[in-house]
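Student: Sequence first, then the predicted structure, then my questions.
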Amino acid sequence: MDGIMKELVHEVVSTEVFAVWFLIGAALVFWMQAGFAMVEAGFTRAKNTGNIIMKNLMDFCIGTVVFILIGFGLLMGEDLFGFIGRPGFDLFTSYAEFDFSSFVFNLVFCATTATIVSGAMAERTKFLSYCIYSGVISALIYPIEAHWIWGGGWLAQIGFHDFAGSCAIHMVGGISALIGAKLLGPRIGKFNKDKTGRIVKVNAFPGHSIALGALGVFILWLGWYGFNGAAATSVAQLGSIFLTTTVAPAVATVVCIIFTWIKYGKPDVSMCLNASLAGLVAITAPCDVTDAFGAIAIGAVAGLLVVFGVWLLDHVLHIDDPVGAVAVHCMNGIWGTLAVGLFATDAAPGYSIMNARGETLTGLFYGGGFELLKLQITGFAAVAAWTAVTITITFLLIKAIVGLRVDREEEMLGLDVTEHGLPSAYAGFAMLPESIEEDDFAEENVPVAVPGDTPMADAIPVKRVPVFEEGAPKFTKIEIVCKESKFEALKNAMMKLGITGMTVSHVLGCGVQKGKPEYYRGVQVEANLLPKVQVDIVVSAVPVRKVIETAKKVLYTGHIGDGKIFVYDVENVVKVRTGEEGFDALQDVE
């Protein structure tokens, strides 16, 4: 009798403990939103940091609203024909009997799917458009396919296995990211084209903070223990899941560092950070059904696949993915889904993969034949097709109604200031201008969003500083202060005049544009320190007036703040390296 009582008590305590762990796991998954925000912010340019933080915040907040309204019912409601759950409002009508834990757990998973798309479409997407498609993913696209897998739908009924979401979450987010990035087009300057329009060069846009990116990866890795382990039902199963969730990303990172070290001569920091995430994504579906050997093999492939994926998008598909979201989530989500059919072993604690006939299935490499692999391929194909069709329709509708992409001027200035009125996410620091391909600043491509009414003479005043000694000067110094976004256009125009020597400084201009007050926390900002570029040029052979008129033409938009040009007389020029003076000292820069 005592033995039976002890067993009952142990069962009750175990159930309660794992119910608490289930909610702790949900909290860890929510914390992953911070990780995604840090990775995306760190791997992109500083001028878009505020926009990225805002998107990752709204992923969860918008997702919560639509998940309450319809998403949770479609995912976990009573099964209808194996396709969707029955929508309902039990959260409001039957709160006392409502499954609170299930709602919270599924909500944080839902938000993860939407946030994956953000990285691939970063730095050029309208914030309104992002909010719309994020809501659609959380309300319809994710809940329906997740019902097939976890809500008692048709894939669950035939034996398809995706324990924590390689397919249902990461592949879905990755496919959405791939299609979105393709329809959106690359960032300005990402690809160089020849006269026929053929892409001849891929340009790198380094992220502004590897430290932020690394912090995000560690946050995500920590959160992944909840992501994969929250649904465990025994200590042995939880321990096994923690082991595979640790081994796979570690092996993926080691493989990646070896490969990049050999291929590029140096270990690639950002690629190795992505490799850690790739290993985590790949092990997510089979984390509960594979062993240490399987985790090692899955991680090794993931470490190579992420490098291949980045190369494929850049050099073959010519799709601009700023953070590598497609390589990490789409490709390794697919790989993790299929890996179940290869590495599933009934030696794993709590193993429970069975087909529709109730027969236990194992992976191909563990003597189970092809049946489980076929089921995994079926599930992958069905979910991929559903996602591709629905997200394409969503993007095309948004593009037709409100537009997907910001205009060229907004992209150049950065989405912080144009979409959110935030001069910089790093107050007091000037944002460095990015490297842009020359063709984007050809005369016909120089962006002028809205021509102003201010005459050129007022928009770009020219002031001559008189010489302090008698006699005509031999040389002239031209000092140009302009917007950072105009620097590449100005530099290219000067080089076409034959001026190859310039001194460039970053300066801060103080002022408020009339008629456009800016606010922070509801308080009007009296004056802003705005980043500017100061370009100093000394000329002798090149006519001064030609330099001035060319600069005015390039910089002019008709708005206050286009820039200023100062002209100084210079008595002499000395080249320190050679000792040459005067006209001779300018021969290699003019």
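Tutor: Done, it's in. Residues are numbered from 1 along each chain as shown.

Student: Where does pLDDT dip in the chain?
Tutor: By pLDDT under 70, the weakly predicted segments of the chain are 1-13, 428-474, 510-529, 559-560, 587-590.

Student: From the centre of it outward, give me the first residue you hit.
Tutor: Closest residue to the average C-alpha location of the chain: G119 at 1.6 Å, with CA atoms, centre = their mean.

Student: Do you have the strands of the protein handy? List them.
Tutor: Assigned by DSSP state E, the strands in the chain fall at 79-80, 84-85, 191-193, 199-202, 462-465, 475-483, 503-511, 518-520, 523-525, 528-539, 563-570.

Student: residues in contact with Q157?
Tutor: Contacts of Q157 were listed using CB atoms under 8 Å, 6 or more residues apart in numbering, and they are 82, 356. For the C-beta atoms, the positions are set from N, CA and C on the backbone; glycine is no exception.

Student: Distance check, it against A382.
Tutor: Separation of Q157 from A382 (CB to CB, to the nearest Å) stands at 13 Å.

Student: Can you say which of the strands of the chain is nearest to A400?
Tutor: strand 191-193 (25.4 Å; CB to CB).

Student: which helices and strands sit right next to the closest one?
Tutor: Here strand 191-193 touches strand 199-202, going by 3 or more CB pairs under 8 Å, 6 or more residues apart in numbering; DSSP states H and E.

Student: Run me through the strand neighbours of the strand it packs on, direction for each.
Tutor: Under the criterion DSSP bridges, strand 199-202 sits next to strand 191-193 (antiparallel) in its sheet.

Student: Now the strand it pairs with: buried residues?
Tutor: By neighbour count on 16 or more other CB atoms under 10 Å, the buried set for strand 191-193 is F191.

Student: Kindly report the same for stretch 501-511.
Tutor: Along stretch 501-511, these residues count as buried under the neighbour rule (16+ other CB under 10 Å): 502, 509.

Student: which ones are touching the residue nearest to the centre of the chain?
Tutor: Residues near G119 by CB under 8 Å, 6+ apart: 36, 39-40, 43, 177, 321-325.

Student: Max pairwise distance over these: which two?
Tutor: Of all pairs drawn from the contacts of G119, the greatest distance, 14.6 Å, lies between F36 and D321 (CB to CB).

Student: how many neighbours does the residue nearest to F36 when sequence neighbours are not counted have?
Tutor: When the adjacent residues along the chain are set aside, F36 lies closest to T115, with 4.8 Å between them (CB to CB, 6 or more residues apart in numbering). T115 sits with 25 neighbouring residues when counted by other CB atoms under 10 Å.

Student: any idea how far T362 is from T115?
Tutor: For T115, the distance to T362 (CB to CB) stands at 34 Å.

Student: what's the answer for I175, then?
Tutor: Look at I175 and T362: by CB to CB, they are 28 Å apart.

Student: Give me the more crowded residue out of those two.
Tutor: Under the criterion of other CB under 10 Å, the comparison of I175 against T362 puts I175 first, with 26 against 21.

Student: Now for that one: which residues touch it?
Tutor: Contacts of I175 by CB under 8 Å, 6+ apart are 330, 384, 387-388, 391.

Student: residue ranges of the helices in the stretch 301-450 of the chain, please?
Tutor: Using DSSP state H, counting those that start in this stretch, the helices of the stretch 301-450 of the chain run over residues 325, 332-343, 371-401, 408-413, 415-420.

Student: Nearest to I149, out of the ones you listed?
Tutor: Across the helices of the stretch 301-450 of the chain (criterion: CB to CB), the nearest stretch is helix 371-401, sitting at 7.1 Å.

Student: Just to check, the residue nearest to F36 is in contact with I53?
Tutor: No - counting by CB atoms under 8 Å, T115 does not reach I53; the two are 11.7 Å apart.

Student: that older thread, just send the contacts of G119 back as JSON lines, with neighbour count too.
Tutor: Supplementary listing: the contacts of G119 in JSON lines, determined by neighbours: other CB atoms under 10 Å:
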{"residue": "F36", "neighbour count": "26"}
{"residue": "V39", "neighbour count": "30"}
{"residue": "E40", "neighbour count": "29"}
{"residue": "F43", "neighbour count": "26"}
{"residue": "A177", "neighbour count": "26"}
{"residue": "D321", "neighbour count": "27"}
{"residue": "P322", "neighbour count": "24"}
{"residue": "V323", "neighbour count": "29"}
{"residue": "G324", "neighbour count": "27"}
{"residue": "A325", "neighbour count": "33"}
